[in-house]
Each structure stands twice: as C-alpha cells, then as structure tokens.
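Asker: Below is the structure, and that's it, no one-letter string:
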C-alpha cells in the first residue's frame with residue numbers, strides 16, 4: 001500500500017490549472033467571480049512537457065540493491081543479489097524492452113499513469129484510513145472571521161472563485177522558478193504566452209523555469225469515486241451547479257452557480273448555510289455516509305441496491321456536486337482531536353468518495369479531506385493555499401454581513417433516501433467495522449522548538465534529511481532495527497507524472513543511527529556531524545533521482561504490472577521475501593510546508609506501521625504520527641524528539657546524553 005499525502009519534492013511557489021483560452025473580461029463581470037486573472041493560460045505548457053523517463057534496468061537494479069542493503073543480513077542480501085542478476089539478464093530485460101516499446105506508442109501520457117490509476121481503483125480496502133489524507137487550514141488571522149457560518153461562506157466562495165478561474169483559463173499555471181527574478185515576472189509572462197504550446201516548455205526552460213503537469217486538476221470539482229465490483233470508476237459532471245452540504249448525517253444541496261455559470265451572491269450562500277445550521281433534526285437512524293467507509297466491493301453491491309430501490313437520481317446529486325461541505329456540530333479541542341476529526345470523524349458526516357470534503361468544525365477550524373485516486377497532494381495543496389489566501393485577504397462576507405433575504409426553504413433541498421432492510425443492515429455493519437477500526441488508531445504530535453530550516457541550512461545539511469534521519473534513529477531506539485521506509489516525491493515535472501518513492505533508509509542512515517543510539521560516547525561530536533552530513537548528501541541524491549523519475553519503485557511496479565497483463569508468471573524477484581519486505585512500508589512519511597497549513601496527516605499504510613506527516617519550518621519542526629494498537633505513537637515521537645536533540649547537540653559540539 002502507498003503513502004497518501006504525496007507532497008514531497010517541488011517547493012511551493014507553484015501553481016496549477018486547466019486549459020481554456022484567456023479572454024478579456026469586464027471589471028463588472030470579474031469582480032468576486034475569479035480568484036486570479038492570469039495572462040498565461042494554466043495549460044499553456046502542457047503539450048510540451050517532457051515525458052517521464054523510464055530508468056535503465058541496470059540502474060534500477062543497482063538502486064534496488066542499495067535500498068535493500070540496510071534491511072537484509074548478508075545471506076538474504078546475497079540471495080536477493082542473485083535474483084536481481086537473473087532478472088536483469090532474463091525476464092526483466094524482456095519486460096523492460098516491452099515497457100519501452102509500449103511507452104513509445106503512448107506518447108500522450110506516462111508509462112506509470114495507467115498502472116497508477118489501476119492501483120488505486122482496483123484496491124478493495126476501505127479508502128478512509130487506508131488512502132485518504134487531510135490537510136488542515138490555519139485559523140483565519142482575524143479571529144472574528146473564524147465563526148463557523150462566516151468562515152464556511154468565505155471558504156466556499158473562494159473555492160468557487162478557484163473553480164471559475166480554473167475553467168476560464170485564468171488561473172496561474174504551475175511553474176517551479178529556479179530564478180524568479182527572470183521568470184516570475186510580467187515581462188516573461190507577456191512573452192511566453194505568445195510562444196506556441198508545443199514549444200512553450202522550452203521557452204520557460206531557457207530562463208530556468210519548470211512548468212509542472214496540471215492534468216489532474218479537472219477532477220478537483222464535480223467529481224466522485226464510484227464503487228464498482230473489482231474496479232472503481234472516477235465520475236465527473238462539470239455541468240452540475242450545486243453544492244453538497246452534510247450536517248449531522250443529513251444531506252442538503254443548493255445551487256452555488258447560476259444558469260450563466262456565475263457564482264451566486266455570497267449573502268445567498270450565507271443564508272442557505274445559516275438555514276442548514278438551524279435545522280434541529282436528529283441524526284438519522286441509518287446514516288448513509290457510513291457506506292463510503294466500507295470495503296469497495298461491499299459498497300458497490302449496496303450502492304446497486306440503492307439504485308434499484310429508486311435512489312439513482314438522488315445519488316447522482318451527491319456524485320455530481322461541486323464539492324462536499326461538512327458542517328460539524330462540535331468544536332476542536334486540540335491538535336490530536338483535530339487530526340481524528342479531519343482524518344475520519346465519526347463516519348456520519350463525510351462522503352469519503354468525493355474528490356474532497358471541505359470540513360468546518362463548530363469553532364471554524366477547517367480542513368480538506370481528499371480521495372486519492374484522482375490526484376496527488378500537490379494539486380490539493382495548491383487549491384488549499386489559494387483558497388486560504390483568498391478567503392482571508394478578500395473575504396466574501398464579514399461577521400457583520402447580513403444573510404440575504406431569501407426563502408432558503410425553497411432553494412435548499414434536503415435529500416432523502418429510500419432504504420430497504422438490506423441497505424439498513426449494510427449501514428449497521430459498516431458502522432460497526434468503522435467504529436472498531438477507528439478505536440484502534442492513535443495519533444500524537446510534537447513541535448520541536450530548538451530549531452528548523454535556518455539552523456540546519458547553517459550547518460550545511462538538508463533539513464528534510466535530518467527529519468528522515470530522526471525517524472530512522474527513533475525506530476532503532478524503540479524497536480532495535482532498520483525497516484522499510486517510504487518518502488513520497490512528486491514527478492509533476494513530467495507529463496502525467498504522479499509520484500516516486502524516496503527510500504530514506506540507507507547504509508548511511510543505519511550506520512549513523514547506530515552511532516547515535518548505541519555508542520554515542522565512542523564518537524566525537526565532529527565525527528557524528530560528519531556522519532549526518534554523509535546521510536544528507538546521499539538523501540539529496542535520492543531526492544534528485546526520484547524527482548527526475550530515476551528511482552526504483554515505480555519502474556519495478558510497472559514491470560510487474562506488465563508481466564501480469566501479458567499473462568507471464570510472476571518473476572522470482574517479486575516472489576523474494578525481501579521484495580515483499582521493502583514494500584511493507586512500516587515508516588510511511590510525507591512532508592508538507594505551507595503558510596496555509598496548520599497540520600496534515602494520514603493513517604499507517606500497514607497494520608504494524610506509522611503514518612508520519614511532518615514539516616520543517618524556519619525555526620521549528622512539526623511531526624504528526626498515527627499508529628494502530630501494535631505500535632505506540634507517543635513513544636515513537638519521544639524517540640524522534642530525542643534524536644533531534646542529539647543531532648542538535650552534535651551540531652553545537654556538545655556530548656550526546658545517553
């Protein structure tokens with residue numbers, strides 16, 4: 001199973017969107033309707049994006065063995081080495097040649113895109129906890145704007161402004177600027193928009209600007225993952241104009257775009273949300289939302305019963321909605337409560353299948369919870385950043401704004417579902433499973449205040465590598481071993497790129513961790529610093545390779561997928577226990593850093609693992625960890641904190657405390 005956040009690699013300064021020619025709009029028509037007005041269409045670079053390279057097979061085998069080295073004893077490693085040699089010279093070579101030939105015939109996409117969608121859509125595990133992550137907004141800087149109704153209205157309107165800018169071709173394209181003084185300028189934008197799309201990437205490249213893939217963004221809105229037997233389906237209806245609102249397990253819809261596609265007045269949206277918040281109905285006896293937390297085949301069967309029972313059109317209203325707004329009826333107590341609420345909640349007030357749920361607690365705490373099959377965290381983070389900025393800097397309503405005088409009882413439709421005994425039994429079973437699973441999940445977090453990016457860059461080491469090294473040290477201290485570790489890395493620099501895997505556990509991190517944890521007194525502070533520097537240098541190399549599509553995991557995954565598609569018996573390499581072990585990611589990690597994000601998180605990807613969301617800020621390091629009952633998140637975080645303290649002591653020339 002894969003980690004979910006998938007945010008590592010490209011620094012933020014980025015942007016994204018969908019194509020459509022830019023067009024001149026009157027000031028009257030623009031006001032309040034569009035989040036941006038870019039003169040360069042968001043998909044301007046898409047046609048000329050470079051294609052995701054397929055690594056050389058010999059390079060993949062070399063990287064695979066390097067990643068396996070710290071996980072295996074000498075006997076196991078020799079066996080795996082022999083299997084790699086046989087694979088490289090035998091069936092692996094043939095599969096690689098077929099993969100390259102297949103890739104040449106499909107120049108419109110990447111070699112990993114199809115297998116990646118299949119990986120997600122054929123997975124039968126429940127998507128909540130197994131796949132869906134969350135990202136929580138910071139509070140609005142103006143405290144009075146954190147009122148639930150005010151903030152829900154402002155975030156909704158800003159999300160709609162993003163949608164409008166995206167579809168009108170007015171959203172800034174997503175570009176990574178190595179030299180912003182040359183490329184992130186009005187002059188460059190005026191020139192590059194004149195370059196044909198088939199050549200535009202090369203024009204950006206000349207000034208060290210790197211446009212990123214934006215093909216996922218059309219799935220942000222009006223989209224839902226539909227449960228189907230054996231393989232789910234992604235559904236999008238961009239003609240639908242209504243918002244879906246969930247409160248206390250009840251479903252409401254109302255139009256947020258008018259017949260001309262304009263956003264309805266903010267005061268109307270505010271009035272309709274106020275009307276929904278005033279509904280005193282008790283929670284339904286059989287909350288339908290639980291079904292989206294079920295095994296996908298079970299949910300597919302129950303959905304078919306719902307359709308046969310006369311609910312097809314009602315379900316379509318849910319599926320086609322612009323997005324799902326969840327209004328919770330309780331405040332958030334602390335960061336741990338926030339993580340539980342936004343990652344899974346109580347199961348009644350989320351539609352986990354929607355492309356994203358925008359969640360508002362009673363105290364205005366807000367987050368985005370998203371389904372992962374349609375796209376990756378880079379797209380969601382762009383959306384979250386833009387919506388936070390717009391809602392706080394150009395709010396559609398103030399706390400004093402009166403809601404529109406409108407008949408919300410006519411505009412807002414409360415959806416009702418016809419449930420037969422089989423569906424009711426299915427909801428009860430889903431609730432029981434959901435509750436039992438959630439009870440086993442623990443979450444904890446720390447904020448290490450001794451230093452962050454500024455200090456670590458002053459020590460000439462990568463901040464990300466130090467965080468990853470702390471996780472290796474922590475696991476060694478707590479459990480006495482080095483285990484398979486996953487760090488996500490975006491390959492959005494390429495057409496239809498998704499993510500690659502950085503393998504942070506290495507012979508360097510193992511040696512360094514053992515020195516710090518088992519024998520610190522045998523090494524001087526200078527020697528320990530040197531080992532950390534070696535880890536940093538190697539981690540930087542792994543990161544560069546992954547971002548350039550030159551890692552090992554997706555290549556091996558694609559070759560395995562191809563063998564299955566061709567009806568070829570699974571090669572011995574994939575039957576090796578070492579292959580299973582390296583893909584059993586006990587430490588699943590993902591980093592995000594954003595001025596809009598307060599906290600992000602996800603569940604472990606394996607039952608005996610940790611889900612580690614972290615961020616290295618300028619002057620502190622944050623870490624949010626989840627675990628099931630077989631692991632202890634609090635103890636692990638204490639070990640992470642100890643590892644960071646030890647490294648900072650070494651940087652400052654102090655003796656390491658045992």
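Answerer: Ah, there it is. If you're wondering where the values come from, they're calculated on a predicted model, not measured in any experiment. Residues are numbered from 1 along each chain as shown.

Asker: Helices of the stretch 251-400 of the chain, start to end?
Answerer: Residue ranges of the helices in the stretch 251-400 of the chain, as given by DSSP state H, counting those that start in this stretch, are 266-277, 296-306, 312-320, 335-343, 377-393.

Asker: what mean pLDDT would you report for the last one?
Answerer: Meaning helix 377-393. Mean per-residue pLDDT for helix 377-393: 95.

Asker: Just give me the neighbour total for residue 298.
Answerer: Residue 298 has 17 neighbouring residues, counting by other C-beta atoms under 10 Å. All C-beta atoms are positioned from the backbone trio N, CA, C, and that covers glycine.

Asker: What of residue 290?
Answerer: Counted with other C-beta under 10 Å, residue 290 comes out at 25.

Asker: And residue 169, by the same measure?
Answerer: Counted with other C-beta under 10 Å, residue 169 comes out at 20.

Asker: same check, this time on residue 405
Answerer: 8.

Asker: Repeat that for residue 598.
Answerer: By other C-beta under 10 Å, neighbour count at residue 598 equals 17.

Asker: What separation do you get for it and residue 448?
Answerer: Computed as C-beta to C-beta, to the nearest Å, the residue 598 to residue 448 distance reads 16 Å.

Asker: Could you check how far the spatially closest residue to residue 50 that is not a sequence neighbour is from residue 162?
Answerer: Spatial nearest neighbour of residue 50, chain neighbours left out: residue 494 (5.6 Å); criterion: C-beta to C-beta, 6 or more residues apart in numbering. Computed as C-beta to C-beta, the residue 494 to residue 162 distance reads 24 Å.

Asker: and what of residue 347?
Answerer: 28 Å.

Asker: can you give me phi and psi for the residue of the chain positioned farthest from its centre?
Answerer: Residue farthest from the centre of the chain, counting by C-alpha atoms, centre = their mean, is residue 522 at 41.7 Å. Dihedral angles of residue 522 (phi, psi; degrees, to the nearest 10) stand at phi -80, psi -10.

Asker: Disregarding residues adjacent in the polypeptide, which is nearest to it?
Answerer: Using C-beta to C-beta, 6+ apart, the nearest residue to residue 522 is residue 515, at 7.5 Å.

Asker: Now do the host helix or strand of the one you found, average pLDDT.
Answerer: Using DSSP states H and E, residue 515 falls within helix 507-518. Across helix 507-518, pLDDT averages out at 97.

Asker: Show me what it is packed up against.
Answerer: Secondary-structure packing of helix 507-518 (3 or more C-beta pairs under 8 Å, 6 or more residues apart in numbering; DSSP states H and E): helix 463-479, helix 525-547, helix 633-651.

Asker: As a markdown table, the ones you listed with mean pLDDT would be great.
Answerer: Converted to a markdown table, these look like this (pLDDT from 0 to 100):
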| stretch | mean pLDDT |
| --- | --- |
| helix 463-479 | 98 |
| helix 525-547 | 97 |
| helix 633-651 | 97 |
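
Asker: Highest mean neighbour count out of those?
Answerer: Greatest average neighbour count among the helices and strands packed on helix 507-518 goes to helix 463-479 (a mean of 24), per mean count of other C-beta atoms under 10 Å.

Asker: Also compute the angle for that one relative to helix 633-651, please.
Answerer: Helix 463-479 runs at 120 degrees relative to helix 633-651, counting by axes from the mean of the first three to the mean of the last three C-alpha atoms, to 10 degrees.

Asker: angle of helix 463-479 against helix 507-518?
Answerer: Using the same axes, to 10 degrees: helix 463-479 against helix 507-518 is 50 degrees.

Asker: Counting by contacts, list what helix 463-479 packs against.
Answerer: helix 453-458, strand 485-490, helix 507-518, helix 525-547, strand 587-591, strand 610-616, strand 621-627, helix 633-651.
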